[in-house]
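K.L.:
build the 3D model from these lines:
(one chain, ligands or ions: 1)
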Amino acid sequence: MLRLLSRTLFCMLFVIVCGPLFAADWQAGFSKTVITPKKPVWLSGYGHRDHPAEGKVHDLYAKAAAFQSPDGTRFVLVTTDLGSMSPEIYNHVLEQAKAQWQLGRESLVINASHTHCAPEICAERKVFHRLPDQAEADLVDYIDTQLKPKLVQIVGEALGALQPAHLSVSQSAAYFGKSRRFPTEDGNIVNDRYDAGITDNTVPVLRVTGPKGKLRGVLFGYPCHNTTLAFYQFCGDYAGFAQYDIEEQHPDAVAMFVMGCGGDQNPYPRHGANGLNYAKQHGRELADAVLTSLKGPQLAITGDLKVAATDVTLELEPLPPLDELRKQAEGGEESIYSRKANYLLNQLKTNGKVELTQNCPLNVAKFGNELLFIFVSGETVLDYARLSQFQFGGQMVWVAGYNNDVFAYLPSQRILIEGGYEGRTGIVHQLTPTPFLPNVEEIVMGGIRQLVEQVSAPAKTSP
Ligand SMILES: [Zn+2]
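P.N.:
Residues are numbered from 1 along each chain as shown. Predicted coordinates:
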């Protein structure tokens, strides 16, 4: 009896002593800042826009989560209520983060929520959106004097806020995201709701609490275009509303939306006179899913953090014959095909050739043995999440799209074969010269596999 009592006392002591120590193994820090432009600048996404923003529904945010595991490995994820992310902006933030906090490329990811009601910061806007000079000047001013410094600032603040934390993952579901690849009777794929199409309702959730269990931050994902809205007001769309709703319930915590592989998924219903109500409704559904998940069973993150990054080079189809390009180029400024043809012909004239490749940055962060977080660039389609989940099972595999460089739609082999907007026709709006070759999926998955192997390798022990 005495022995049992002493054993119980020992166990209690062990829990008291080791409980807080265990919690202190990982550290996390959060920061957020408003990035709503001070001026009513041009809005993102839709090519048919013809004037700048007219006001705002709510403020747009950039948020940063910094993580550090017991061995000192760090990873910072920045999420933004923005339509896109360009290499110019990402590289600026990385350079500053390297210089000030010794953060490497493998430790920094910037994710765009792909709201179409944010400033148009994408690299292709200069060529494909017919922006008046003043509108372009206002955007450059916004990017250089507001956005870039704020992104750098929150990375520093999140690292500065690192404190002992307990991390755990869970999953929930939301159902407003659906396939938008509708197969017509004549064998084409058009951009419309297709309930029978391939979709994914999963909402992955990473919960971060302090040692005493208080919620400090939550990261949640959903693979769906953040495009319920198509008007002229700044708004984070469904993802913005979801973040606001969660933070209303947890005012001391930072809620961060991580865009998933939603390149071929849309929120339904959407657009029209009721668009704003739909966005609020979808946001509420997503927030409820996250709030439910926060209270449910959790899988604690216990091991170390491992990070890796690489750039893979994607190959593109040959250019159309010169005669065809020249003919397209005569279509006038109104025609997007003509603008693309002129862009390509100008490159030929200036450089003597068009580079038929596309750089594709990839990141992987492994949180213990419990969470494998994969970050793909481009407008990543859902197949990349599914392929990764099939290949790297045994733990939570969370795949985010729209990271670091949102260059164009990143189709899978299936989508390339099927055709449609994400596979082929959408490329006319992008700086990427021509559609991808069928080996695109093999190259992207090869890059991801290499990174997963790198972060999964057992730690080297000294002899
Ligand atoms: Zn899109």
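K.L.:
give the residue spans of the stretch 201-350 of the chain that score low on pLDDT.
P.N.:
For the stretch 201-350 of the chain, no stretch is flagged by pLDDT under 70.
K.L.:
what about 80?
P.N.:
Across the stretch 201-350 of the chain, the ranges flagged by pLDDT under 80 are 333-334.
K.L.:
let me see the ranges of the strands in it.
P.N.:
202-209, 215-222, 233-234, 254-259, 265-267, 299-300, 305-315 (DSSP state E, counting those that start in this stretch).
K.L.:
show me what the first one is packed up against.
P.N.:
Counting by 3 or more Cβ pairs under 8 Å, 6 or more residues apart in numbering; DSSP states H and E, the packing neighbours recorded for strand 202-209 are strand 163-173, strand 215-222, helix 275-295, strand 396-400. For every residue, glycine as well, the C-beta is placed using N, CA and C.
K.L.:
try it again with 7 Å
P.N.:
strand 163-173, strand 215-222, helix 275-295 (3 or more Cβ pairs under 7 Å, 6 or more residues apart in numbering; DSSP states H and E).
K.L.:
return the most buried member of the ones you listed.
P.N.:
strand 215-222 (a mean of 26; mean count of other Cβ atoms under 10 Å).
K.L.:
starting at the chain centroid, how far to it?
P.N.:
14 Å (Cα atoms, centre = their mean, to the nearest Å).
K.L.:
what helices and strands are in contact with it?
P.N.:
Partner elements for strand 215-222 (3+ Cβ pairs under 7 Å, 6+ apart): strand 26-34, strand 202-209, strand 254-259, helix 275-295.
K.L.:
switch the cut-off to 8 Å
P.N.:
Partner elements for strand 215-222 (3+ Cβ pairs under 8 Å, 6+ apart): strand 26-34, strand 202-209, helix 237-249, strand 254-259, helix 275-295.
K.L.:
want to throw the ones you listed into JSON lines with distance to residue 111?
P.N.:
As requested, the helices and strands packed on strand 215-222 are exported to JSON lines (distance: least, Cβ to Cβ, whole Å):
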{"stretch": "strand 26-34", "distance to residue 111": "14"}
{"stretch": "strand 202-209", "distance to residue 111": "13"}
{"stretch": "helix 237-249", "distance to residue 111": "10"}
{"stretch": "strand 254-259", "distance to residue 111": "5"}
{"stretch": "helix 275-295", "distance to residue 111": "16"}
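K.L.:
now do the contacts for residue 386.
P.N.:
Residues near residue 386 by Cβ atoms under 8 Å, 6 or more residues apart in numbering: 198, 200.
K.L.:
can you tell me the SS state at it?
P.N.:
helix (DSSP: H, G, I helix; E, B strand; the rest coil).
K.L.:
distance check, it against residue 92.
P.N.:
33 Å (Cβ to Cβ, to the nearest Å).
K.L.:
try residue 352
P.N.:
For residue 352, the distance to residue 92 - Cβ to Cβ - is 30 Å.
K.L.:
of the two, who's got more company?
P.N.:
residue 92 (18 against 7; other Cβ atoms under 10 Å).
K.L.:
can you tell me the helix or strand for that one?
P.N.:
Using DSSP states H and E, residue 92 sits within helix 87-101.
K.L.:
next one: residue 454
P.N.:
In this assignment (DSSP H and E), residue 454 forms part of helix 440-456.
K.L.:
quickly list what the closest residue to residue 213 other than its chain neighbours is bridged to.
P.N.:
Take residue 213 and drop its neighbours on the chain: the residue closest to it by Cβ to Cβ, 6 or more residues apart in numbering is residue 166, 7.7 Å away. Here residue 166 sits in beta bridges with residue 209, as judged by DSSP bridges.
K.L.:
for residue 166, what are its contacts?
P.N.:
Per Cβ under 8 Å, 6+ apart, neighbours of residue 166: 23, 26, 208, 209, 210, 211, 213, 300.
K.L.:
and those residues, which of them are buried?
P.N.:
23, 26, 208, 209, 210 (16 or more other Cβ atoms under 10 Å).
K.L.:
find the nearest non-adjacent residue to the last one, please.
P.N.:
Read it as residue 210. residue 216 (5.5 Å).
K.L.:
for residue 366, see how far away the one you found is.
P.N.:
Distance from residue 216 to residue 366, by Cβ to Cβ: 21 Å.
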